[in-house]
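# Below: sequence and its predicted model.
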Amino acid sequence: MTLPPPGDGSAETATKHIFVTGGVASSLGKGLTASSLGRLLKARGLRVTLQKLDPYINIDPGTMNPFEHGEVFVTDDGGETDLDLGHYERFIDENLSRNSNATTGSIYQTVLAAERRGDYLGKTVQVIPHITDEIKRRVERLARHDVDVVITEVGGTVGDIEILPFLEAIRQFRNLVGRDNVCYLHVTLVPFIGPSGEQKTKPTQHSVTELRSRGIQPDAIVCRSEEPLSDELKRKISNLCDVEARAVVNAADAKNIYELPLILHDEGLDGYVCDVLRIDAEPDLRPWEEVVAKVDAAVEPVRIGLIGKYIELPDAYLSVVESIKHAGFHHGAAAEIEWIQSEHVEGLLADGELGQLDGIVIPGGFGYRGVEGKIAAARYAREQGVPCLGLCLGLQAMTIEFARDVVGLADANSTEFDPTTQHPVIDLMLEQRGIEDKGGTMRLGAYYAVLAAGSQVAGAYGEPVVSERHRHRYEFNEQYRSQLEAGGLWCSGTSPDNRLVEFIELPGHPFWVGTQAHPEFKSRPDRPHPLFREFVATSLDRRRRGASTETTASADSAAVDPVAADAEINAPLT
């Protein structure tokens, strides 16, 4: 541990820490509250980073079923992390690392490894102090010299048995770094009870009582509600929970998540937190107000079909959806997401029900289930001139479709789905074959790609070399590259050594582009990702032209001479 002794360092110069906890129910918006507060503090000129502590015992969410956990957000350094890190990055516009997510599993793994090495000198290893010390170390390591404020969100809700070591660790933290350097923020629910026609504060009272029983008195309470709270209810919560009246902040449901920083600022949250932490800095909210104004002004509809396997849980595609919205904001458009179960695509095509889409996104995923629907969607988009953006598995589905239906390799497939296919146009890299540890064959994190001059992707990015985040095992099979390019497919972006295909596109098509990466992880509300920006622009153009019934040129007319330049790791779903 490198934590200072109690009281060491002045309150004015030490890194400040904000701990965000939640009560009553999950999914109240702790992550958005933490993200919004981070945005507000950054607007005051402070250098902010965020962290998520997750109580589950998995080492990370990488092997978890999307229906269990939603999206796995990937950082530049290859961390497979909680989806809240996506909110953090989008709001504070900073790239985080794997250090910004810690789980019970990873913490116990570290402590047990230390015990095996003999680091504890034969002492009995216990939750207190060994587990709690490791939790504190995970928090403290973010307090670098270039960080003014660390915001740490504690997952789960107070009262959960899994959360107890985390609460004890953050309780101890205030004594370690100085009381003026820590602020506790509690997010809770104020439900509306229909029959009585009242908003009830009792759940908040019980939640705070549970938190106080663990030795933590919240400095501020953020009350989530459907409708705004009255001043009388705020005073009641203040009196019964022993916090200042101005520290009871209401976050009523908003039109969109990007309004939340402004709502919390109007409620005085950032000002109060700065008072607790003895921070003297005035905010400049004009840049974020411009973001919200752009969101409010985005009204022109554009219908985007999202061909997914896990659409029953929209959080599985959280960053994809937000990236589509960001691109819409840029063009003054309000994206209408049509959630399409990939297993149903072929039936929908037969019924003509995809004809009203302005664009199609084929996102990532793992396992065989629904893949043929993704392939069918790629074929429909190619033949009908519908703008189509393929992400990770989306690129693979587009490659398989082109190999089958244009090049004539009827058996073309990925060895992930058909290990015996005669034409494995998607396959493991040679050096990965035979490795049993699926995690060991994953390509994770940021990788560079060189873009072909004159390609759509080069035009979108506006630069010849780009870096995107990856999370996959299977690749475009280099052995089929020349054959597919002869058929008209353009491998328009490759790894710097030209061994791996990173981008494909179809010349002559309005927008039929696939990437092996996950560009959705780098989009921002005020700076949409270039691929999503151009995809939505093309989709809007199609809508404005009323081109839903037009068909594209044949594959032969689209052929040119190309320019040279996700099984879930454990595949829990089939």
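All right, it came through fine.

# Restricting to C-alpha, output stretch 65-77 in PDB.
This file holds the C-alpha atoms of stretch 65-77, laid out as PDB (Å, rounded to 0.1, in the frame of the first residue of the first chain):
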ATOM      1  CA  ASN A  65     -23.700 -14.000 -21.000                       C
ATOM      2  CA  PRO A  66     -24.900 -10.700 -22.500                       C
ATOM      3  CA  PHE A  67     -28.300 -11.400 -20.900                       C
ATOM      4  CA  GLU A  68     -26.600 -11.500 -17.500                       C
ATOM      5  CA  HIS A  69     -24.400  -8.400 -17.800                       C
ATOM      6  CA  GLY A  70     -25.200  -6.500 -21.000                       C
ATOM      7  CA  GLU A  71     -22.400  -5.100 -23.100                       C
ATOM      8  CA  VAL A  72     -18.700  -5.700 -22.300                       C
ATOM      9  CA  PHE A  73     -16.900  -2.400 -22.700                       C
ATOM     10  CA  VAL A  74     -13.300  -2.700 -24.000                       C
ATOM     11  CA  THR A  75     -10.600  -0.200 -23.100                       C
ATOM     12  CA  ASP A  76      -7.500   0.700 -25.200                       C
ATOM     13  CA  ASP A  77      -5.300  -1.600 -23.100                       C
END
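
# what about that stretch, average pLDDT?
Averaged over stretch 65-77, pLDDT sits at 90.

# what residue lies at the spatial centre of this protein?
Of all residues in the chain, the one closest to the mean position by CA atoms, centre = their mean is G86, 3.3 Å from it.

# From R524, how far off is that one?
Distance, G86 to R524, using CB to CB, to the nearest Å: 11 Å. Placement of C-beta: from N, CA and C, glycine included.

# mind listing the strands for the stretch 451-574 of the chain?
Along the stretch 451-574 of the chain, the segments classed as strands by DSSP state E, counting those that start in this stretch run 465-472, 474-476, 490-494, 501-505, 512-515.

# Most tightly packed of those?
When you average the neighbours per residue for each of the strands of the stretch 451-574 of the chain (mean count of other CB atoms under 10 Å), strand 512-515 leads with a mean of 28.

# Adjacent strands (with direction) for that one?
strand 388-391 (parallel), strand 501-505 (antiparallel) (DSSP bridges).

# out of those, nearest to F402?
Closest approach to F402 among the strands paired with strand 512-515 (CB to CB): strand 501-505, 8.1 Å.

# Next, the angle from that closest one to strand 490-494.
140 degrees (axes from the mean of the first three to the mean of the last three CA atoms, to 10 degrees).

# and the direction of strand 501-505 versus that of strand 465-472, what angle?
Using the same axes, to 10 degrees: strand 501-505 against strand 465-472 is 100 degrees.

# okay, strand 501-505 in PDB with CA atoms only?
The C-alpha atoms that make up strand 501-505 are tabulated as PDB, following Å, rounded to 0.1, in the frame of the first residue of the first chain:
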ATOM      1  CA  VAL A 501      -8.100  -7.400 -42.800                       C
ATOM      2  CA  GLU A 502      -9.500  -4.700 -40.600                       C
ATOM      3  CA  PHE A 503     -12.100  -3.000 -43.000                       C
ATOM      4  CA  ILE A 504     -14.100  -4.100 -46.000                       C
ATOM      5  CA  GLU A 505     -16.300  -2.200 -48.400                       C
END
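
# and it, how far out from the chain's middle?
23 Å (CA atoms, centre = their mean, to the nearest Å).
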